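Novice: Okay, here's the prediction I keep looking at, along with the sequence it came from:
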Amino acid sequence: MFRRLPDHNAETIRFTFDGAPLAARRGDTVAAALLANGIATCRATPAKGTARGPYCLMGVCFECLVTIDGTGNRQGCLVALEEGMRIETQAGARRAVAP
Amino acid sequence: MEADVTVIGGGLVGSCMAYGLARLGARVLVLDEGDVARRASRANFALVWVQSKGMGMPQYSAWSHGSSERWADFAALLAEETGIDVVHQRPGGFALCLSDDEMEARTRFIQRLQAQPGAPRIPYEVLDHAGVKRMLPDIGPDVVGAIYSPADGHVNSLKLFRALHVANGKRGVAYRPECVVDAIESRDGGFRIRGNWGEARSARIVLAAGLGNARLAPMVGLDAPVIPSKGQVLITEKVAPFLHYPMGTIRQTDEGGVMMGDSQEDAGFDTVVTNPVISVMAERAMRSFPLLRDLNVVRTWSASRVMSPDGFPIYAQSRTAPGAFVVTCHSGVTLAAAHALTLAPQVQAGALADELSCFSGARFHVPQAA
């Protein structure tokens, strides 16, 4: 779906999505890292459970919500990917969990 | 005349009165302000609350309880007429206490409240930490206990407001926004209501203009010395349901946001949200439910709510201009069922019931002992 520009050669970063090991590059946002791996669906809506994926990539549309390291409702397009991040599909509403 | 009754004010109170009157066949005109109105109807905390109401006036306790008893029927009527579910729920409500002193004070308060002559016996339980935790598993260690009353509940008040406007439209209520009322004259057994929009005439009028009633009431020989009470509210992002009961100051809406409120300040018409107040509210909420700590607050707001000198509603018919009624209160959500199903029929019949005489604005004119 997306191909990287040939002059983008930053260091490789490893992360998981729903448990599957994946790789992207330093400087990617979480949303960009998912799209670069061909993952276009990252959540199911709370209202009807329909599939959604990153759309505006600038913090406005809130379609790219994911759970990152256990915290739900994170905007994937506004979070820089870090080594070892555990990213998960957000199925429905975020769950409030005790700190 | 274009209407039998003109209701001045299109907020929750006015809309409930218009609905109740239209149900009985009255031709109703609602004169409302515009979007800039001080609209507590859009800024309230949406509780249908009973347990703490009526200290100093047991009739108010009974009136609030009576409304909460009729609320389910009222919600069913609105759903049937409009298809809008206002999400009324009555699982009972908690007043959480965060210290032994608070627990003792609140317990004594509800005992004194219900010991007043004529006060209704509203069921309640005094629960310790373990008792609360059985029903609200997410409370924090700082919660000492709570008063729980099965009489309490909540609703989606924005859907309520919408449902009333839809129902009124279907029943032929004429709704006219941008109609600030400048003058009301009583003449020939009716009323002439004027503003820069023109004029309207009707046989009866209901003043339901919230804070505007202070200005309007004297035009028809009534008294409604209401003043603004500033209330601030925070709401979090939407999360999966975990609070299955409303608290007096914390509730999760049917859509998932957790509301924290609901402060009361004497601040004139100022509606700026202030950090000292909302941070105290948030801190208390986080001590009550530690899992709130990681949630994002997505909006805060404040509004000028309606407060009478003693905090109780004002209901009266004018002696000098019969047919003019004033209806104003602080708790327009809790009392919505009573206004639509009990008070409006009395206005339609032309006389308020004796049991409501204690709510007359005349109570503010008891001669002061020098």
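Specialist: Yep, that arrived. Numbers count the residues shown, from 1 in each chain, chains lettered A, B, ... in the order given.
Novice: could you pull out the helices for the chain?
Specialist: By default, I'm working from chain A. A:30-36 (DSSP state H).
Novice: oops, I was thinking of chain B
Specialist: According to DSSP H, the helices that chain B contains are B:12-23, B:58-82, B:100-115, B:129-135, B:157-170, B:213-216, B:275-288, B:336-338, B:344-349.
Novice: export the helix or strand of chain A with the lowest mean pLDDT as CSV, just CAs?
Specialist: Across the helices and strands of chain A, mean confidence by mean pLDDT, DSSP states H and E is lowest for strand A:71-75: a mean of 94. Extracted C-alpha coordinates of strand A:71-75, given in CSV (Å, rounded to 0.1, in the frame of the first residue of the first chain):
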residue,chain,number,x,y,z
THR,A,71,-2.8,2.6,27.7
GLY,A,72,-5.9,3.0,25.5
ASN,A,73,-7.1,5.9,23.3
ARG,A,74,-3.5,6.9,22.3
GLN,A,75,-3.5,8.7,18.9
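Novice: Please name every helix or strand in contact with that strand.
Specialist: When contacts are defined as 3 or more CB pairs under 8 Å, 6 or more residues apart in numbering or on different chains; DSSP states H and E, strand A:71-75 packs onto strand A:65-68. Bear in mind the C-beta positions are built from the backbone N, C-alpha and C, glycine included.
Novice: Just checking the strand it packs on against chain B, any contact.
Specialist: No: among the residues of strand A:65-68, none lie within reach of chain B under CB under 8 Å from any CB of the partner chain; the closest is 9.7 Å away.
Novice: Pairing partners for that strand, with directions?
Specialist: strand A:71-75 (antiparallel), strand A:86-91 (antiparallel) (DSSP bridges).
Novice: For that strand, buried residues please.
Specialist: By neighbour count on 16 or more other CB atoms under 10 Å in any protein chain shown, the buried set for strand A:65-68 is A:65-68.
Novice: Go through the residues you listed and name the one nearest A:Arg4.
Specialist: Using CB to CB, A:Val66 comes nearest to A:Arg4 of the buried residues of strand A:65-68, at 20.9 Å.
Novice: Who does that closest one form a beta bridge with?
Specialist: A:Arg74, A:Thr89.
Novice: Please report how far the spatially closest residue to A:Gln90 that is not a sequence neighbour lies from A:Ala91.
Specialist: Excluding the flanking residues, the one nearest A:Gln90 by CB to CB, 6 or more residues apart in numbering or on different chains is A:Arg43, at 4.2 Å. Plainly put, A:Arg43 is 7 Å away from A:Ala91 if you go by CB to CB, to the nearest Å.
Novice: Between the two, point out the one with more neighbours.
Specialist: Shown here are A:Arg43 and A:Ala91; by other CB atoms under 10 Å in any protein chain shown, A:Arg43 has more neighbours (25 against 13).
Novice: Make sure that one is actually in contact with A:Glu88.
Specialist: No: if you go by CB atoms under 8 Å, A:Arg43 and A:Glu88 don't touch, sitting 9.6 Å apart.
Novice: so what sits against both of those two?
Specialist: Common contacts of A:Arg43 and A:Glu88 (CB atoms under 8 Å, 6 or more residues apart in numbering or on different chains): A:Val66.
Novice: List the contacts of A:Ala98.
Specialist: B:138, B:290-291.
Novice: among these, which are within reach of chain A?
Specialist: B:138, B:290-291.
Novice: Buried ones only from those residues, please, as a PyMOL command.
Specialist: This is how PyMOL selects the buried members of those, with burial counted by 16+ other CB under 10 Å:
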select buried, chain B and resi 290+291
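Novice: wait, which of the ones next to chain A among the contacts of A:Ala98 is closest to chain A?
Specialist: Closest approach to chain A among the ones next to chain A among the contacts of A:Ala98 (CB to the nearest CB): B:Leu291, at 4.5 Å.
Novice: check contacts around that closest one.
Specialist: Contacts of B:Leu291 (CB under 8 Å, 6+ apart): A:96-99, B:138, B:242.
Novice: now do B:Arg42
Specialist: Per CB under 8 Å, 6+ apart, neighbours of B:Arg42: B:158, B:161, B:303.
Novice: repeat for B:Ala183
Specialist: B:193-195, B:219.
Novice: Among those, which one has the most neighbours?
Specialist: Busiest of the contacts of B:Ala183 [other CB under 10 Å] is B:Ile193, holding 22 neighbours.
Novice: shouldn't that residue be in contact with B:Arg176?
Specialist: No: using CB under 8 Å, B:Ile193 is not in contact with B:Arg176; the gap is 10.7 Å.
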